[in-house]
Each structure stands twice: as structure tokens, then as C-alpha cells.
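*Asks:* Any chance you can model this:
(chains A and B)
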2 protein chains.
Amino acid sequence: MNQRVQAKKRKSAPPAAGEVTTGPIYRSHKVYRPVEFQGVTLQIPARRIELTNDTTFDVYDTSGIYTHENPELDLAAGLEKVRDTWPRHAPVPASEEHPELRVQTQLAWARAGVITPEMVFCAEREGFTPEEVRAEVAAGRAVICANHNHPEIEPMIIGRKFAVKINANMGNSAVTSSIAEEVEKMVWATRWGADTIMDLSTGNDIHETREWILRNSPVPVGTVPIYQALEKVNGDPTKLTWEIYRDTIIEQCEQGVDYMTVHAGVLLRYVPLAANRVTGIVSRGGSIMAAWCLHRHQESFLYTNFVELCDILAKYDVTFSLGDGLRPGSIADANDAAQLAELETLGELTLIARSRGCQVMIEGPGHVPMHKIAVNVEWEEKWCHDAPFYTLGPLATDIAPGYDHITSAIGAAIIGQAGTAMLCYVTPKEHLGLPNRDDVKTGVITYKIAAHAADLGKGHPRAQERDDELSKARFEFRWHDQFALALDPDTALEFHDETLPAEPAKTAHFCSMCGPKFCSMRISQDVRDYAAANGLDTVAAIEAGMREKSAEFQAGGDRVYLPLTTK
Amino acid sequence: MNQRVQAKKRKSAPPAAGEVTTGPIYRSHKVYRPVEFQGVTLQIPARRIELTNDTTFDVYDTSGIYTHENPELDLAAGLEKVRDTWPRHAPVPASEEHPELRVQTQLAWARAGVITPEMVFCAEREGFTPEEVRAEVAAGRAVICANHNHPEIEPMIIGRKFAVKINANMGNSAVTSSIAEEVEKMVWATRWGADTIMDLSTGNDIHETREWILRNSPVPVGTVPIYQALEKVNGDPTKLTWEIYRDTIIEQCEQGVDYMTVHAGVLLRYVPLAANRVTGIVSRGGSIMAAWCLHRHQESFLYTNFVELCDILAKYDVTFSLGDGLRPGSIADANDAAQLAELETLGELTLIARSRGCQVMIEGPGHVPMHKIAVNVEWEEKWCHDAPFYTLGPLATDIAPGYDHITSAIGAAIIGQAGTAMLCYVTPKEHLGLPNRDDVKTGVITYKIAAHAADLGKGHPRAQERDDELSKARFEFRWHDQFALALDPDTALEFHDETLPAEPAKTAHFCSMCGPKFCSMRISQDVRDYAAANGLDTVAAIEAGMREKSAEFQAGGDRVYLPLTTK
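*Replies:* Now for the predicted structure:
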């Protein structure tokens, strides 16, 4: 698998078998801004879009070196272990309650007032100050998922104050797919903007698949360790034990997994609350734990060994993603007793984990109708002590299998605007099959849309810059710039080519909607010219002019017509 | 073009050239429920889905006879003129203010207390009473778009109390497409659920294209007459006159157009308000009128002749769709002075139109970030006297050309939940090119999702029935039923086939996500069995049982762990 792959000059073409997709995105190149910190130089990545008006526009970028021109790749060796060269602060107390536990986690450091290279990196990447990042991490309102044993990643931050992030799931299952495909899916997903990826493999070669993904991923990697534990007991949940699970966790921590979904909130007494649901328990992890609890009629080993689990994760600074094993799987089951009972328990566990120095985020639904979405964030923040919320969609309706990237993007945008920090993507194959390469891209782009809509909706200070840049390009018929600024330039270009394929159409001052004879944008320009010719060359002047005209008009009766009725 | 086309048994395959798509949708057949009214029998249409558990589920259907098994089609002659056989009440006063104007419109009849066959049809179709429909129409909160000269349609109602409707735009332009394609697009769009279609042709053969569409459409048809008027003056807006426009309107009224977009709210003094926008004026109609106003430095002929215009439309009961010529074309321009000024004027015009007996709806944006969406509905209802709102999207971000069906579905769902009565679809080609057949379908299905999510979100009494039916099928692994209940059965089936193509997989009690070895749904069934075995066979029993267990548990300390911190 050791290879050099040619950069694609224009379109993101599929790679040959065993290769991964590389090369710059349309009219862009990867740039790094050096930031000095405690004797090392942090290289802050961005994608620089080259515009036809001789300016550039930088956008947040998650693609690592894969979007370099002719990157030096060695998939077997993995990416450079950059974070190993960064200074690491000595252990500090996990928390005020546990000064005796001295750990090395972003949470513990943040609480101790220590600014880490990871905090600086995240801050510079998003346009915040390192102190703002530290304060959010210290409060538990944000997490930096960065296992000490995963030095290859470019750190990023998940929290409601920051840009909404998205996760892309991948992983082979018992039914289909290969390791090479999974690595390419990771590269492909991060190319289009996945901020983290989760490896949800359930079949054979779980360890090896994960190793390949971890060593080559520029973004944090999450897992659901119970899936691998279940493989070790041949798929029989009742055979699971704390020891098997613990060994699996340690194995994955050692490998470098950055965050782990742990369904420790599925309590025995909550399980029957799901019995009369329309769709029962739909979380794989949740149903495994429910089966175990029912079979043994006792609380799960995740719950009864939670402190030990915390102490393992704290050692590596692996972030908890407390799983919603009882999330609703249908509109009918949204916000029900089972879901809420578990959420309250996740709040308890959050405090325990933090007291041991662990970073925590909380997973959320699932399937929720629009009017019941925002309250999920309220409950989560209140009961789970402002831990970052990480939701799967939610799907705003059940009736569109084949389009659940869309049903869920509606819910995701709304829950993101309400404060959710990270959105787990849903692909068009949800409920029907396993996502292929195209589905992964569709899922990622759809979730970039939802996240960006949420950033605009929640007033992220820099979110609108890109909208404005693209809309200006559109208004000025800079077609290539419109494509380049798009979340998916290849598709935008391809769609334009379908109707107007020739290169002159890419600089034409019209589009296929109105044709060359008539153009609303051209008339808009006439309006602008008219305003300028009348001395109305600024908004202020226009408004002044209008006030005058308006006064005249009002004096003349205010209307061309007097309404014939006032009803 | 006179032909008989074979029904497709399973998938909706594309028709041969010059043909249209016919045949039942997957595992469904068209049914008509007879309702007697004043000596005639109204045939209320629905699509009946046949489920594998020997039950059926009826859904609202807009596809006319095209989804019959082997429909008798004669595209040249058009559909049967059913409404010509219905009783029509005598003219009544247009309004209290104008008792001298005696018209035949749904509004005038509704105000006079007359229940029309159209009202009964709409009511029976959606599960309301005829009186509820009459009251909403009388108040101007709902419209029934049904030109007397368009007897082929199955009437439907647009209003915030009813299910959210969707419109699909089509029409050839100067650049591309043929008449046959446009008729097929109409059939194709209504097959998947378009409640109305708009013919936005701007090129040659406008009249003939429209005639073919009107005579064969089972749904109301809207137009923007200024486009045809502009063709008559060779595309020069400054050459437009009231007389040319009036003649165009009469021509279209005579043909049977059911609603018309009229940009009468673009006043001269508002035009400069758009001059310094990021994207100026993006509405074609708006920019035509702006150009005219600027050129002549006078108010538009639409505004100065509005009463005469009303009296023409009232004669045919053509509904006004008062156009938002100054709608925002970018996030930056959302909710600005130009948009709001025009909306206030549309409110004035609404009262004038109603006083002449005309039905009115109001068109809305466009591009709006999430946090600025809902207030658009508030303003519209307040200033436009509760006229039904009909919006284009809005797009919740500008940065995803190629995916604007999704950026706008987010906005559409939100504005629908807030009270918007009809959503104009946006296809993936928006801003880039003209939609082809696949794009039309994608746009329609995406907007059915947004409309349905909105219906759930606003609490439409029957909306959740279909979600529940589909989710039950999903939980019970009735794969064929899950496909059949989906908005797009063909795509759901195709996606399932990709991973698990064999027929046994369609009855298998597992799916490709977890594989056969482990299945969360199966474990859910175990939970249900467990609950039943313990006498917890109803929710009440479960809750009682849980209360008991919970009490024991609380007596025992309420937690396995006491939190180690209360912070």
C-alpha cells in the first residue's frame, strides 16, 4: 500500500484500488500559518482558495496532507507524529475534589490554568484566543479530543462557543467492505470536511482496520469499544464481562483512539421503559447493554466500574462520549421516558468523569420532530452540566428512507443552532444499507451545510464571511469563484457544465436560468448604476435620498391607491 | 403524442421520447372515494399502499390518472373536464365594501356562506369538514386555486391550517428544453407529490407549452405572466405596457392558469433600497419591474392598474400570488429594508384584491439564515392580513451550490413549521443550470420531506400516522412495507438492493448495518418479551412496575455511585 499518487488538477477523481484520493481541491492549495509556542512552531492549516479577482479566501480545513500537490505518502508508516515534538506539561490534579489524582488531560491542565499547544492550535485555527479555549475546556463546555498516543492529528475543538463540527461514521461490518476502502473513506470524508471520524467496524480485522485509520488520519478518531468487545465473545452480549471490556478499552487507548462512546447510562430499570416503544432500542450499544442487564438482572459493568473506566481514559486523555443507548428510533418515541431517564444518568456520570480529570461529551438523538428538538439541548445542558452535545441528526421525520441525510440535516441544523457542538452525519443509505464512497461525500457535504447553517443561526462571528464572498462572486458572474467557494466545487462545476459546458459560459454575464437575453443580475447592476448616477452611491446617501422622496410621496397621499377597504 | 403507455410494475422507469410516465407506484394503487354533493359524485383521490400484513394505508395523492394501471391517455385531448359537471353557484357580492361587484370566486362564495364542490373536495381530501374549509377561505387564510377554465384539476387547498403544500417549477428557457419534456416533467413532479406546478417558460412556444401542461395537469398551474409579456416586446423591459401585460393576463386566464405571480409591490422608491445589496435584485419579475420603473421614473403599470387587474382575475377566479420582486438573494440581504418595504405594500394590495373578490397568497424569500426565518411569517401574517404565505426555500446558507435543495429544505421546514402554507421547491441545479428529470424528482421529494417535517412540527392532526406506520414496519423487518410507505419507494428499494440484493434479504430479520449475527431490533424484541413475561405488557403496567422498582432503588441510595463532586 506504499505509494505516491498523482494530484488531480481539477476534479476529485476516484483513486485506483488500494490508493487514496490526493491533490488540491478545485482552485485551492493548502497553507500553513506558523505560530510560535514554547519553542516549537505550530503549523496551523487552512485551505486557500484562489479567486479570479486576484484575492484569496482561506477556509477551515480538515484534510491534512492529502490535499497537498503530490503529497509524500506512506500509508504503512502513517502520517508524521507532529504532536510528539510539542511540549507536554507535567501532570496536574484531576480536580479540586481529587487533588491526589495527578493526570495529563486537557481538562486538568485547563483547570490548572495551563495553556497547552493543543489549545493554541485550536484557537488559532478558529480565530479565538488561547485563553478563550482554555476557559471553555476548563468549564467542561468544550473538549479537545487528542489521545497522547495519537500524535498524528491536527487538534480541533468541540464546544458550543465554536464552529459546529461534524463526524463521519465508517467501518466495515459483518456483511461487506475492506480495510483499504475504510482508509480511503477516512481520507475522502476529511477531504470534504469531516472534523472527526468514527470507526464503527463490527466484523473481522477490527484492530488492523483501526490501526490503518489511526496512523493516517489527520482528524480525531472515535470508536464504540463495545463492538470490538462483542466480537471477542462471538457476538453474544450476555457473555460480556468487565474484564473483556476493560482490556478492549486499554487496547484502543494504546492505539490512539481519541474519543469513545460508552453506553454507561443504560440502567436496568430504564430498559422496560423502552419495551412498548414503536421502535424499541435502536442503538446497537444500547441494546447490547440492555440485553446484558436483562440477562443478569443487574446494572451493567460500564456503570458499576465507571470510576476505573475514567481512570483508564484519563491516563491517555481519551474523551468520553457518553452514549445514548436509549435514543429514540422514531418520531413516536422522541423525548420519551426512556430517553430522558438515561440523559439524567449521563449527567451524573459526567460529574464523576470530570472529577477524575476526564473530558466528556454527551450523545443525543436520533429521531425527533422539529418542535421537540430545541428542548433536547436545554435538558442536556442543564442535566449534563454544559458538556458538549453530540447528536445523530436528529431525523425530523421517519418517512423518507433513501433521503435520511436530508431528513436529518433539517434536525441537525436546528439542534446545532440551539447549541449542539458536533453533529454525526447520516448518509442516504441510513436504514437501508452501508454507505459507499459517494454516500460518504453526500453525508459529509450535507452535514457541512447543516453545521454552517447552524453557525449562521447561532451568530458565529466569522460564519457569514464565506456566504458573502460566494454571493459576491455569484452577483458578479465570477463562475469559477462561485464553484471554488462552494462546499463541493466539483459538483457545482459539473452541474453548470451539464447546461452550459463551454468555457466561455464560465465567464458569461448570464446563466442558464434566464438565458443571455434577459438577466436579473444585469438589471441589478443597472439599478446600482442608476443610484450612483443620482448621487446615491452609498447606503447612507440612498437612504437620505429615499427619505426625501418618501417625504414628498407621503405629502402626496402616501399611496397611489387608497385602500378600498380597511378590513 | 396520442398514445397508450404500459404501466410499470415495479420501478418508475423513464418513458420513451414523447411519452409520459404512467403506472402505479410501488405496491400501491389509486383509489377514489365517492362523496355525494348536490346531485353529483365527487371522486376523492388517494393512493392506497398494500402492506404485507394484509392491511392498507392511504396517503394524499396528487398524481391524477397517471398512476392508474394502464390509464387511457390522450395528451392531445387532455384530461377529462370533471369540474365542468359540478354545480356552480350564482355570482355573489365580491365583498361588503363592494356589493355591486358580483363575482364567482371561492372567496366571494365563502364569504356569502356558500359551500362549493371545490371546498367539499378539498375538505374530504385532507380530513377536514367543508365548513372548516369555507371558514378559512372566507377569512382569506386559505385559497383554492381553481380557474373556472381549468376543469381538469383535482382541487386542493393552501392555508396554514392545512397540510403544507409544495410547488414544482418547470418551463423551458431560451437556452434549452422541449414541450414534450415539460409535460413529462409535470407528470413526473405530480407523481412524486407536487401539489401545484408553475410553468416559468421564457423562450419560444410559451403559449403552446402551457396549453399542453394545463390540459394534462391534475394539479393547479401557476405562471408569472410578465415572462410572456416580455417575450412580446423582444425581451426589453422598458417596452412593456399595461396593454401588452393585460392582454397576456387575459390570454392566460382564458387558457386556465390557476394562480399568477404579480410583482405589483415593486415601487419606484423601493428600487434604490436594493442598490447596495450584495446580490441586488434576484427575482426576474422584480428586476423587470425595477427596470421599467427606473426607465420611466414612474410607478409600475402593475401597481397603477391593480384594480383592473383584480377585476380580470376575479372573473376567472384566478388567485393572486403577490410576488416578492425584492426578495433577498443572499444571506447578507435577508430581512432588509427593500424586502420589508415591498412586503408592506403587498399587504395593501391584498386588501384591494380581496375587496374585488380575489383570492390572494403572498410570496416570500429566498435566502435567510435560520434565526431570521420565523419572523418572516410573523410579518407576513400581520402586514398581509393572514394571506397564505408561499415561500421559495428559503436557503439557510449561500455556500453550497449543487446542494441547494438541501440548504433550502432546512429553511423550508422551519418556515413551514412557522405557518407557511406552500413551499416552492428548489432543485440541486439552482444557481447552476436547468433541472432535468432526476433533479425535478429530487426537488419534489426533498420538499415533501420539508413539508412533512413542518406538518409534524406544527402539529397537523394526521401527519404522524405515516411516520408511525413506517417505523412499525421498520421495527418488524417488513422491508417491502418500509419501502412502500417511503416518500420514494424506488430509491429505498434500490439502496437496499445495493447492499443486500437477494429477495430473502427483503424478509430477513436483520439489516446490513449490524449484519445477521447481532441486531438491536432483535434485542428490542427480547426486551418486549421480557416485559411481557414479567406482567409488564402495557405501558401502564411497566410504569407501575418501574415505580415499585424505582422506590426500592431510591430507598437503597438512588445511585450505584454517589457523585464524587456536585460541581
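*Asks:* Surely A:Glu126 touches A:Phe162?
*Replies:* Yes: with contact defined as C-beta atoms under 8 Å, A:Glu126 counts as touching A:Phe162 (5.6 Å). From N, CA and C alone the C-beta is placed, and that goes for glycine too.
*Asks:* Which of those two has more residues huddled nearby?
*Replies:* For A:Glu126 versus A:Phe162, neighbours defined as other C-beta atoms under 10 Å in any protein chain shown are more numerous around A:Phe162 (25 against 19).
*Asks:* Is that one in a helix, a strand, or coil?
*Replies:* Here A:Phe162 is coil, with the state taken from DSSP: H, G, I helix; E, B strand; the rest coil.
*Asks:* right, and it touches A:Thr420 too?
*Replies:* No: if you go by C-beta under 8 Å, A:Phe162 and A:Thr420 don't touch, sitting 11.8 Å apart.
*Asks:* Chain neighbours aside, what residue packs nearest to the one residue in the stretch 251-400 of chain A that gets nearest to chain B?
*Replies:* Residue of the stretch 251-400 of chain A nearest chain B, by C-beta to the nearest C-beta: A:Gly280 (2.6 Å). The shortest distance from A:Gly280 to any non-neighbouring residue, by C-beta to C-beta, 6 or more residues apart in numbering or on different chains, is to B:Ser524 (2.6 Å).
*Asks:* Which single residue in the stretch 1-150 of chain A comes nearest to chain B?
*Replies:* A:Glu97 (4.5 Å).
*Asks:* Could you pull up phi and psi at that residue?
*Replies:* phi -70, psi -30 (degrees, to the nearest 10).
*Asks:* same thing with the one 3 residues further on?
*Replies:* For A:Glu100, the backbone dihedrals (degrees, to the nearest 10) come out as phi -70, psi -20.
*Asks:* And for the one 5 residues further on?
*Replies:* Main-chain torsions, A:Thr105, degrees, to the nearest 10: phi -130, psi 160.
*Asks:* From A:Thr397, how far off is the residue nearest to A:Gly280?
*Replies:* Per C-beta to C-beta, to the nearest Å, B:Ser524 is found 21 Å from A:Thr397.
*Asks:* Look at these two and report which has more neighbours.
*Replies:* Neighbour count, other C-beta under 10 Å: between B:Ser524 and A:Thr397, A:Thr397 has more, with 35 against 24.
*Asks:* List the contacts of A:Glu342.
*Replies:* A:Gly265, A:Val266, A:Leu267, A:Tyr270, A:Asp324, A:Gly325, A:Leu326 (C-beta atoms under 8 Å, 6 or more residues apart in numbering or on different chains).
*Asks:* how near is it to A:His371?
*Replies:* 22 Å.
*Asks:* Am I right that A:His29 is in contact with A:Arg48?
*Replies:* Yes: A:His29 lies in contact with A:Arg48 (C-beta under 8 Å); the separation is 5.7 Å.
*Asks:* which one among the contacts of A:Glu342 gets closest to B:Ala180?
*Replies:* Taking C-beta to C-beta as the measure, A:Asp324 is the one of the contacts of A:Glu342 closest to B:Ala180, at 51.7 Å.
*Asks:* what helix or strand is the closest one on?
*Replies:* A:Asp324 belongs to no helix or strand when elements are defined using DSSP states H and E.
*Asks:* Distance of it relative to A:Thr129?
*Replies:* Applying C-beta to C-beta to A:Asp324 and A:Thr129 gives a distance of 33 Å.
*Asks:* Those two - which one has more neighbours?
*Replies:* Neighbours of A:Asp324 and A:Thr129, each counted by other C-beta under 10 Å, are more numerous for A:Asp324; the result is 27 against 13.
*Asks:* was I right about the more buried one contacting A:Ser283?
*Replies:* Yes: counting by C-beta under 8 Å, A:Asp324 touches A:Ser283, with 6.6 Å between them.
*Asks:* okay, and the common contacts of those two?
*Replies:* A:His263.
*Asks:* buried residues in stretch A:451-465?
*Replies:* A:Ala451, A:His452, A:Ala453, A:Ala454, A:Asp455, A:Leu456, A:Gly457, A:Lys458, A:His460, A:Ala463, A:Gln464 (16 or more other C-beta atoms under 10 Å in any protein chain shown).
*Asks:* ok and the residue in the stretch 401-550 of chain A nearest chain B?
*Replies:* For the stretch 401-550 of chain A, C-beta to the nearest C-beta, closest residue to chain B: A:Ser524, 2.6 Å.
*Asks:* so where's the stretch 401-550 of chain A shaky on pLDDT?
*Replies:* A:507-523, A:526-527, A:530-550 (pLDDT under 70).
*Asks:* give the contact list for A:His367.
*Replies:* By C-beta under 8 Å, 6+ apart, the neighbours of A:His367 are A:Thr279, A:Pro328, A:Gly329, A:Ser330, A:Ile331, A:Asp333, A:Ala334, A:Gly393, A:Pro394, A:Leu395, A:Asp398, B:Ser471.
*Asks:* circling back: contacts only, for the residue nearest to A:Gly280.
*Replies:* So B:Ser524 contacts A:Ala274, A:Arg277, A:Thr279, A:Gly280, A:Ile281, A:Val282, A:Ser287, B:Phe475 (C-beta under 8 Å, 6+ apart).
*Asks:* Format those as CSV; extra columns: secondary structure.
*Replies:* Below are the contacts of B:Ser524 laid out as CSV (three-state DSSP):
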residue, secondary structure
A:Ala274, helix
A:Arg277, coil
A:Thr279, coil
A:Gly280, coil
A:Ile281, coil
A:Val282, coil
A:Ser287, helix
B:Phe475, helix
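*Asks:* Many thanks, I have nothing further to ask.
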